[in-house]
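Chemist: pasted the sequence and its predicted model underneath.
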Amino acid sequence: MKLKRFLNLEWDAIAGIIAAVAAIALHLLHIVDEHVILPIVLALMGLLFINFMRHSRNNEVTAEQVDRTALAVDKMRAALEPDVILIGPRRLRTANEQFLRNMSGETIWFNVCLSMYKSPPLFDALLRPAVDNPMVTSIQFVLDESQKELWQRDIQPRIASCSGHAKVREPRWHKLSRTVSYILADSQAGGGPEALLSFWGEPFMAQTTGQEVPRYIFHVQKHCELLPHLEELVRARPGTAVERDLPHPEP
């Protein structure tokens, strides 16, 4: 180990330093004059320039290797990350709040159950953060016609009291089968679209006081192939084969 360290020393730089010290000492002792010192100085400058160029090239090679390694690590990380994350009852509230804080841009709330936002505490926890989020530019609800009365009586007045109420568009009313429900938005952290996806009925929903509330939801990541299907649900006519053929994600 010591021999290897010894051989790795910058001997060209060491030789240059020794030559410079020797030349200065000889000049101070009046053994050599300026005509001898000048070629030595020029030779040392050339040696230092060559050494600098060699190290610059080594730095470029190292930077290229670091870039290739970082790209390979990103590819490996993307391959290891799951497309869909299953979120259970213990983490539902935390995951939903985090998703609302990180959402940005235009958002779509497809076939969500408005009864979840009926009580003021749940509205303040599950909907108001999205309405007041300054990074969210629009909120588009796509809802079943059966929820129109609940929207007009309870939800719309509460949205009107929020500072960001102007970004909430008029809901699009359709006849939707109770199959799938999701919130789709761009993520500030991930820089791409993500979704919170839930399915109606057991085991994904639980009956509470005569109403169905989510028990399990899926966090669909930005690189998941399921996202184009979710976006197609909004563009397609509700109730068509697009909605019926939507694949169920695997956790």
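Modeler: All right, it came through fine.

Chemist: so what's V142 bridging to?
Modeler: Beta-bridge partners for V142, by DSSP bridges, are F110, R172.

Chemist: show the pLDDT at it.
Modeler: Here the pLDDT value assigned to V142 is 93.

Chemist: what's around it, how many residues?
Modeler: 19 (other CB atoms under 10 Å). From N, CA and C alone the C-beta is placed, and that goes for glycine too.

Chemist: I figured it was touching R169, is that so?
Modeler: No: the criterion here is CB atoms under 8 Å, and V142 misses it with R169 at 10.2 Å.

Chemist: contact partners for the residue nearest to P120 when sequence neighbours are not counted?
Modeler: Counting by CB to CB, 6 or more residues apart in numbering, P120 lies nearest to R158, which is 7.3 Å off, once chain neighbours are set aside. With contact taken as CB atoms under 8 Å, 6 or more residues apart in numbering, R158 is in contact with 117, 120, 123, 127-128.

Chemist: and R158, what helix or strand is that in?
Modeler: Applying DSSP states H and E as the criterion places R158 in helix 156-160.

Chemist: pLDDT (mean, whole number) over that helix?
Modeler: Here the average pLDDT along helix 156-160 is 94.

Chemist: pull out the buried residues from it.
Modeler: Residues 158-159 are the ones in helix 156-160 that count as buried (16 or more other CB atoms under 10 Å).

Chemist: now stretch 127-139
Modeler: Quick answer for stretch 127-139 (16+ other CB under 10 Å): 127-131, 133, 136, 139.

Chemist: same question for stretch 175-195.
Modeler: By 16+ other CB under 10 Å, the buried positions in stretch 175-195 come out as 176, 180-187, 193-195.

Chemist: so which residues of the chain form helices?
Modeler: 2-7, 11-28, 34-80, 92-102, 120-126, 128-132, 148-150, 156-160, 227-235, 241-244 (DSSP state H).

Chemist: mean pLDDT lowest for which of these?
Modeler: Mean pLDDT is lowest for helix 241-244 among those, at a mean of 38.

Chemist: what's in contact with stretch 92-108?
Modeler: In contact with stretch 92-108 (CB under 8 Å, 6+ apart) are residues 87, 125-126, 129-130, 133, 135-140, 142, 182-189, 194, 196, 214-215, 217, 219, 231, 234.

Chemist: what's the neighbour count on D144?
Modeler: D144: 19 surrounding residues under other CB under 10 Å.

Chemist: show me where the stretch 151-251 of the chain has its strands.
Modeler: 172-174, 180-187, 193-199, 205-208, 211-214, 217-220 (DSSP state E, counting those that start in this stretch).

Chemist: check which strands are paired with the third one and give the direction for each one.
Modeler: It refers to strand 193-199. Using DSSP bridges, strand 193-199 pairs in its sheet with strand 180-187 (antiparallel), strand 217-220 (antiparallel).

Chemist: fine by me, thanks again.
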